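**Student:** need a 3D model of the sequence below.
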Amino acid sequence: MKALIVTGGDGPPREIIRTLSEEADLVIAADSGLEACLSAQIEPDFVVGDFDSVRHESLAKIPADRILQFPQEKDYTDTELAIETALHHGMQKIVLAGGGAGRLDHLLAVRALFERENSIHEWHTAQESAFLVSAGQSLHFSAPQPVIVSVFPLSGGARGMHSQGLKWPLDGLEWDCGHFGVSNRSVLPQVEIASGREPVLVVLPLGTQVGIRGR
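**Tutor:** Okay, the predicted model is just below:
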C-alpha cells in the first residue's frame, strides 16, 4: 500500500505529480501541497496541516471530513503529520513530492525522514528524485544517455555495495556516515546499484524510471 504526500516548496511538474498519484493508494496534501494537487487536477484523500500557507478558497474545494487541521504551534511539521496520517491508514510505502529549494532547515528535515523506522521511500523535487535502497536491495534503471548518479549512506555508513554501469564502481567501498559519492555517472544503458549491508540513498534526475528489488 503506497501513499503519495504532496507538500509545498519546489516540486515536480503537474504531469509527474499526476502520474505519482495514479500509482498511489492514498494521496495526502500537506498544507500548501494542496495548491500543487489542485493544479494537477488531483483531489487528495486528506489535507493535513496548520494551513498557514494555503488559500482559503482552495480549502473550500475539499470536503470538511477530509481536512485535518492542527494548531500552528505544534511539535511536528506538516509533512510529519501527513506521514502519520498515511501510517494510520495502513500505508507501507511513503512517496514525497515537493519540499525542494526554500529553507535549508526544511531540506535537512526532509533528509532526516529517510533515517526513521517508518521512513519515506522516495522524494521527488523539481529536478531530482531520491530513492531509499534498503539493506539487501538493489536499484535498477535504464539510461540511454549518461545521467548523473549520486549515492549517500545513511547514519550507519555503507558496507558491501555493488554497482554495474557506473563510471566509478561502488564495489569494495566502505563509507562511514558523512562520506558519499557525488556526481558519478552512468556509462551503460542498464545500471544497477546494490546497497549491501546498510541502506543507501540514490539521487537521480527527475523522471528516471527505477525498479527496486530484493528484501
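**Student:** who does the residue nearest the centre of the chain form a beta bridge with?
**Tutor:** Nearest to the mean C-alpha position of the chain, by Cα atoms, centre = their mean, lies Trp123 at 1.6 Å. Going by DSSP bridges, Trp123 is paired in beta bridges with Leu96, Ala130.
**Student:** that one contacts Leu107, correct?
**Tutor:** No. Contact criterion Cβ atoms under 8 Å: Trp123 and Leu107 do not qualify, at 10.1 Å. Yep, even glycine has a C-beta here, placed from its N, CA and C like the rest.
**Student:** find residues that contact each of those two.
**Tutor:** By Cβ atoms under 8 Å, 6 or more residues apart in numbering, Trp123 and Leu107 have these common neighbours: Gly99.
**Student:** please enumerate the helices of this protein.
**Tutor:** Along the chain, counting by DSSP state H, helices occupy 14-22, 33-39, 56-59, 78-88, 104-113.
**Student:** right, and those helices - which one's nearest Val95?
**Tutor:** Among the helices of the chain, helix 14-22 comes nearest to Val95, with 6.1 Å by Cβ to Cβ.
**Student:** next, format the helices of the chain as JSON lines and append distance to Met1, mean neighbour count and mean pLDDT.
**Tutor:** Converted to JSON lines, these look like this (distance: least, Cβ to Cβ, whole Å; neighbours: other Cβ atoms under 10 Å; pLDDT from 0 to 100):
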{"stretch": "helix 14-22", "distance to Met1": "14", "mean neighbour count": "16", "mean pLDDT": "96"}
{"stretch": "helix 33-39", "distance to Met1": "19", "mean neighbour count": "23", "mean pLDDT": "95"}
{"stretch": "helix 56-59", "distance to Met1": "26", "mean neighbour count": "12", "mean pLDDT": "91"}
{"stretch": "helix 78-88", "distance to Met1": "9", "mean neighbour count": "21", "mean pLDDT": "95"}
{"stretch": "helix 104-113", "distance to Met1": "18", "mean neighbour count": "14", "mean pLDDT": "93"}
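**Student:** mind putting those in TSV, distance to Val210 included?
**Tutor:** Putting those into TSV (distance: least, Cβ to Cβ, whole Å) gives the following:
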stretch	distance to Val210
helix 14-22	13
helix 33-39	22
helix 56-59	32
helix 78-88	21
helix 104-113	19
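**Student:** mind checking those for the one nearest to Ser183?
**Tutor:** For Ser183, the closest of those is helix 104-113, at 18.0 Å, according to Cβ to Cβ.
**Student:** distance between the closest one and the chain's centre?
**Tutor:** With Cα atoms, centre = their mean, to the nearest Å as the basis, helix 104-113 stands 12 Å off its chain's centre.
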